[in-house]
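In: I'll drop the sequence and a predicted model, then ask my questions.
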There are 2 protein chains.
Amino acid sequence: MSRSKEVLSQSILFSGLPEQDIAALTAIAVEKPVAAGELIFSEGDPGDGFYVTLEGMIKVYKLSTEGKEQILHMFGPGEPFGEVPVFSGKAFPASAEGVKKSRVLFFPRKAFRDLITTNPSVAMNMLAVLSRRLRNFTIQVENLSLKEVPARLAGYFLLQAEEQKNPDTITLNISKGQLASFLGTIPETLSRMLRKMSEQGLVEVQGRTIRLLDRPGLEDLAEFGKMEA
Amino acid sequence: MSRSKEVLSQSILFSGLPEQDIAALTAIAVEKPVAAGELIFSEGDPGDGFYVTLEGMIKVYKLSTEGKEQILHMFGPGEPFGEVPVFSGKAFPASAEGVKKSRVLFFPRKAFRDLITTNPSVAMNMLAVLSRRLRNFTIQVENLSLKEVPARLAGYFLLQAEEQKNPDTITLNISKGQLASFLGTIPETLSRMLRKMSEQGLVEVQGRTIRLLDRPGLEDLAEFGKMEA
DNA sequence: AACAGTTTTTGACATAAATCAAGGAAAGAT
DNA sequence: ATCTTTCCTTGATTTATGTCAAAAACTGTT
């Protein structure tokens, strides 16, 4: 089995599909290399299909008129993105580009809609994907509206610790600038908060490696968002 | 046809369904009256089904630990809500309650999943509903992160004008306090911004009636977010 | 190893919006 | 019509975070 098929067969969207269906899928899909910083689609583009990340990392983001960036999602291998226009019939609501050198698979709109109508389990998987996405958005809105930057940061660290299956050390897989943009702030503020958290013994920062020194403290910060001094 | 069936047959989710399917649906669904301020479900509840608003208005919201509220969505007649747990398998990510006296229809999880697997067009409609929801969330995140309160407010007015099909006068269908919560701010700030916009001749406010006096000015404010003085 | 580029940090300052506190207006109940 | 409660407005003040400017620390490259 090719590397692409392997990624697909383990993706949330196509898990449980028999191998010949996966093969049929790769037949209709087009693979595309994406350079670091390369634009995949822009907000307002028509959107005649969606993508699955095969390798690397893709960010989906919005830009303000003054040029500030807000990252909405980061997608790694196996994760689909850009599906909204396929089902809503409207243009992409945001833009996407590679964070690093990546490979993506493009699925044309019509072929995929046909697959869904004949294959209820793919429809169900897609519903699950979109539901999870909605769930993440509610958390993002909650963070932006109801929590301050230190709380968001602490929450991010704890989430990463879980995803990376290491309760006391995490490695950032994006730059601090990109992390700031994901958390809805700017690099200067992020830098200051990291220093503050270090001074209080919550974490130890060394480049992209963050040691979580005080999990209860971080959990408290993530929930209540207050740091003394 | 009963009032409920009428609402359902015109809803985005069930549009295009033959009448006997609608009848079958209402057979599995349970109607429930909801008082103003009555809780329908809470964040963290298991979620063994989803709802469709029949009458009135439902808000879906999050609360901060300090008690501040962020409204995520407002749903009127025909609009479904609370679907995320049906497909993600996880609990409700937010809470829902009636804004005013309402009626809702509850669809049990299993029955609806069965309907979807046998009826691709319902699956397609649900995918469209979730996609549209995602689209709205990207706008909400953009607003919270990249725009200031005056810009969000101007954008809200323009959107309402469109929905109410009246280019120069809108009537708020929620209280100003609830509007503040939807826009991610507090009543005091909203009040001040409304005054500022009035002083600048952008709008004229009389209770819940807002007259849009300067659409180009509002459009500019919504996009660039700057108000002189 | 030195270079040019980017990313990150630090400092001084500006500002949008929240908080606290209180008065006024509107709406619903008796 | 009056009372009571909720909603809305206004003012004074605080605060978190953004802006601007510059230095320092990395990164990868010749």
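Out: All right, it came through fine. Just so we're clear, the structure is a prediction, and the values are computed from it rather than from any experiment.
In: quick one: pLDDT of the closest residue to DNA strand D within chain A?
Out: For chain A and DNA strand D, the shortest gap (Cβ to the nearest atom of the strand) falls at residue A:148, measuring 3.0 Å. Backbone N, C-alpha and C define where each C-beta goes, glycine included. Residue A:148 carries a pLDDT value of 97.
In: wait, it touches residue A:224, no?
Out: No. Contact between residue A:148 and residue A:224 fails when scored by Cβ atoms under 8 Å: they sit 10.1 Å apart.
In: could you chop chain A up by domain?
Out: For chain A, the domain assignment from automatic domain parsing gives the residue ranges A:3-145, A:148-224.
In: who wins for proximity to residue B:34 among those?
Out: Proximity of the domains of chain A to residue B:34 was assessed by Cβ to Cβ; the nearest stretch is domain A:3-145, lying at 21.1 Å.
In: between the two ends of the closest one, how far is it?
Out: Separation of the first and last residues of domain A:3-145 by Cα to Cα, to the nearest Å is 41 Å.
In: report the distance from that domain to the chain centre.
Out: Domain A:3-145 has its C-alpha centroid displaced from the chain centroid by 10 Å (Cα atoms, centre = their mean, to the nearest Å).
In: what's the answer for stretch A:215-229, then?
Out: For stretch A:215-229, the separation from the chain centroid amounts to 25 Å (computed by Cα atoms, centre = their mean).
In: show residues contacting that stretch.
Out: Residues outside stretch A:215-229 that contact it (Cβ atoms under 8 Å, 6 or more residues apart in numbering or on different chains) are A:147-148, A:150-151, A:154-155, A:157-158, A:167-168, A:196-197, A:200-203, A:212, B:65.
In: quick one: average pLDDT of it?
Out: For stretch A:215-229, mean pLDDT rounds to 86.
In: that stretch: which residues count as buried?
Out: The neighbour-count check on stretch A:215-229 (16 or more other Cβ atoms under 10 Å in any protein chain shown) flags A:217-218, A:220-222, A:225, A:227 as buried.
In: out of those, flag the one nearest to residue B:47.
Out: For residue B:47, the closest of the buried residues of stretch A:215-229 turns out to be residue A:222, at 23.9 Å, with distances computed as Cβ to Cβ.
In: how close does that closest one get to chain B?
Out: For residue A:222, the distance to chain B (Cβ to the nearest Cβ, to the nearest Å) stands at 11 Å.
In: for residue A:114, same thing?
Out: For residue A:114, the distance to chain B under the criterion Cβ to the nearest Cβ works out to 10 Å.
In: quickly check: stretch A:144-156 near chain B or not.
Out: Yes. Judged by Cβ under 8 Å from any Cβ of the partner chain, stretch A:144-156 comes into contact with chain B through A:144-147.
In: ok, residues contacting that stretch?
Out: Contacts with stretch A:144-156, where a contact means Cβ under 8 Å, 6+ apart, come from A:143, A:179, A:182-185, A:189-190, A:193-194, A:196-197, A:202, A:218-219, A:221-225, A:227, B:62-64, B:68, B:70, B:141, B:144-145, B:184.
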